[in-house]
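Novice: this one's sequence-less:
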């Protein structure tokens, strides 16, 4: 009787925590209901992994019946801060090594983070490429409005590296706070081009065309993943990391435009 | 028994029951504690050095400028709107009043999207502005002013409308009887009558414009010196340097509190 009451309390507490975690991540997660606490794997993943990890999460649930994957997508820096403030997460997948280092240095990583994919830059232009952008040099042409990511976020650092490698000096009209912000300015037609990740451009093929450029090879972004030390579900955490790195996980990621490390 | 009861009532004084006092104090703590947290975490030692960083002053200057311009725009358009709502009976007035206050409850980012769809390069009016006059509003300081005015104007309209409704209409009637025209009555009688409410509304409007983030970053983008206001600078600083974000936040808090506290008395005496 008492044990039953206690387990109910635990279930309620777990439900509340799960809800809070989902809320903390601005609710982008897919909170499938049901399943015991043991079967829940909470994954904090970079916003650019939204489409691929949603798919991998479903595949993982199918491969592990009774398991529920709770996904929390946000900017890597925000996720790292949430983890270091004690958010109950099992896995962290970051879009930049810098934010992973923050988590590892705070002693919150279980083992060494592994780079599981890489992302390259492309120039996203409105569908059909009306301005005829063929490479980075075209972005510096007068009259071409360009959106870049701010250099405080990883895509901004990568864009700066690529532009420097191509010796192109351009003045963007805006420095967006994340890659999706830059991309949406292209989708809305407010700018003529934006330097974004290939995966983000591919996820928006209805509105934008991706123009590849050689200098992107100099500005490749590594995505590390790790199971977390205080994971409420350590076994689930390890299993999920292994699944992401498995043949099937990798197939989903390369299908979205990521490159194998 | 009766005496004790009466004595207790007297000791408690009029109107401070514990049932109200406790939640009131909790409410106060809830509102003030985050501000205390900000002050407590401020790196006072290298504060001057951080404040002198070039980006900070640029963002602060732009914030003050754009919030002031937005307030002027709101005064120009909002006061007549408030007058219309308070003094003129017309069909659909309740609906108009509801529409005017929508930006109050609308998430600012939605406001930014809406502004883009109207004033953006491919927007309803923006396309025409671009083709005819070569004016594009996104990514310009004018765009920031527009975004701030959109979210802040309801504060002004509500305050001024309230003041107008509370003002004694007989002065206006008297002025009209004495031969004053409608415009003279408005400028010489109505406006002075509602001056405190107008000031309160303008201050609220200015403070709201100063803190605007969502509509600005969505509609005007983020570029240092042109569209990067303090809230945008705070958000981006948080990505790399929490201390810098705290310092920027403290500056914004200080400016806001100073302005609000400075005009508190006028506010309270507003009708």
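Specialist: Noted; the coordinates are in hand. These figures come from a predicted structure and were not determined experimentally.
Novice: pLDDT value on residue B:165, please?
Specialist: You'll see residue B:165 listed with a pLDDT of 92.
Novice: what's the answer for the one 5 residues further on, then?
Specialist: Residue B:170 is assigned 88 on the pLDDT scale.
Novice: Strands along the stretch 151-261 of chain A, start to end?
Specialist: If you assign secondary structure with DSSP state E, counting those that start in this stretch, the strands in the stretch 151-261 of chain A sit at A:174-176, A:193-197, A:208-211, A:221-228.
Novice: does chain B sit close to the shortest one?
Specialist: Yes - in terms of C-beta under 8 Å from any C-beta of the partner chain, part of strand A:174-176 sits within range of chain B, namely A:174-176. C-betas here are computed from N, CA, C, even on glycine.
Novice: Could you do the last one as well?
Specialist: No - no part of strand A:221-228 sits close enough to chain B to count as contact by C-beta under 8 Å from any C-beta; the gap is at least 15.1 Å.
Novice: now that strand and strand A:193-197, what's the angle there?
Specialist: 40 degrees (axes from the mean of the first three to the mean of the last three C-alpha atoms, to 10 degrees).
Novice: who does strand A:221-228 touch, helix- and strand-wise?
Specialist: In terms of contact count using 3 or more C-beta pairs under 8 Å, 6 or more residues apart in numbering or on different chains; DSSP states H and E, strand A:221-228 is assigned the packing partners strand A:91-93, helix A:97-105, strand A:109-119, helix A:154-165, helix A:234-245.
Novice: So what's the residue count around the residue of the stretch 51-200 of chain A at minimum distance from chain B?
Specialist: Minimum separation of the stretch 51-200 of chain A from chain B (C-beta to the nearest C-beta) falls at residue A:174, amounting to 2.9 Å. A count of neighbours around residue A:174, defined by other C-beta atoms under 10 Å in any protein chain shown, yields 27.
Novice: now do the one 5 residues further on
Specialist: Using other C-beta under 10 Å as the criterion, residue A:179 is surrounded by 32 other residues.
Novice: now the angle from the helix or strand harbouring residue B:237 to helix A:154-165?
Specialist: Using DSSP states H and E, residue B:237 falls within helix B:230-240. Using the same axes, to 10 degrees, the direction of helix B:230-240 lies 80 degrees away from that of helix A:154-165.
Novice: distance between helix B:230-240 and the chain's centre?
Specialist: In terms of C-alpha atoms, centre = their mean, to the nearest Å, the centre of helix B:230-240 is set 21 Å apart from its chain centre.
Novice: interface residues of chain A facing chain B?
Specialist: Counting by C-beta under 8 Å from any C-beta, chain A sits next to chain B at A:75, A:77, A:145, A:147, A:150, A:152-153, A:172-177, A:181, A:185, A:188-190.
Novice: Okay, and which of these map to helices?
Specialist: Counting by DSSP state H, the residues of chain A next to chain B place A:77, A:181, A:185 in helices.
Novice: Contact partners for the last one?
Specialist: The reference is to residue A:185. Under the criterion of C-beta atoms under 8 Å, 6 or more residues apart in numbering or on different chains, the contact list for residue A:185 reads A:147, A:174, A:176, A:191, A:194, B:221.
Novice: By neighbour count, which of those residues wins?
Specialist: Using other C-beta under 10 Å as the neighbour criterion, residue A:194 leads the contacts of residue A:185 with 32 neighbours.
Novice: who's that residue bridged to?
Specialist: Partner residues in beta bridges with residue A:194, using DSSP bridges, are residue A:124, residue A:147.
Novice: That one contacts residue A:155, correct?
Specialist: No - counting by C-beta atoms under 8 Å, residue A:194 sits too far from residue A:155 to count as a contact (9.5 Å).
Novice: Need the overlap of contacts for the two.
Specialist: Shared contacts of residue A:194 and residue A:155, defined by C-beta under 8 Å, 6+ apart, comprise residue A:182.
Novice: Which residues of chain B lie near chain A?
Specialist: Near chain A, when you scan chain B using C-beta under 8 Å from any C-beta, you find B:116, B:120-122, B:138-139, B:217, B:221-224, B:227-228, B:232, B:235-240.
Novice: Are any of the residues you listed buried, and if so which?
Specialist: For those, burial is judged from neighbour counts taken by 16 or more other C-beta atoms under 10 Å in any protein chain shown, and it is met by B:116, B:120-121, B:138-139, B:217, B:221-224, B:227-228, B:232, B:235-239.
Novice: Residue B:252 against residue B:211, yeah?
Specialist: Yes - contact between residue B:252 and residue B:211 holds when scored by C-beta under 8 Å: they sit 7.1 Å apart.
Novice: Identify the contacts common to those two.
Specialist: Taking C-beta under 8 Å, 6+ apart as the criterion, residue B:252 and residue B:211 both touch residue B:231.
Novice: thinking again about what came up before, could you flag which of the residues of chain A next to chain B are buried?
Specialist: Taking 16+ other C-beta under 10 Å as the criterion, what is buried in the residues of chain A next to chain B is A:75, A:77, A:145, A:147, A:150, A:152-153, A:172-177, A:181, A:185, A:188-190.
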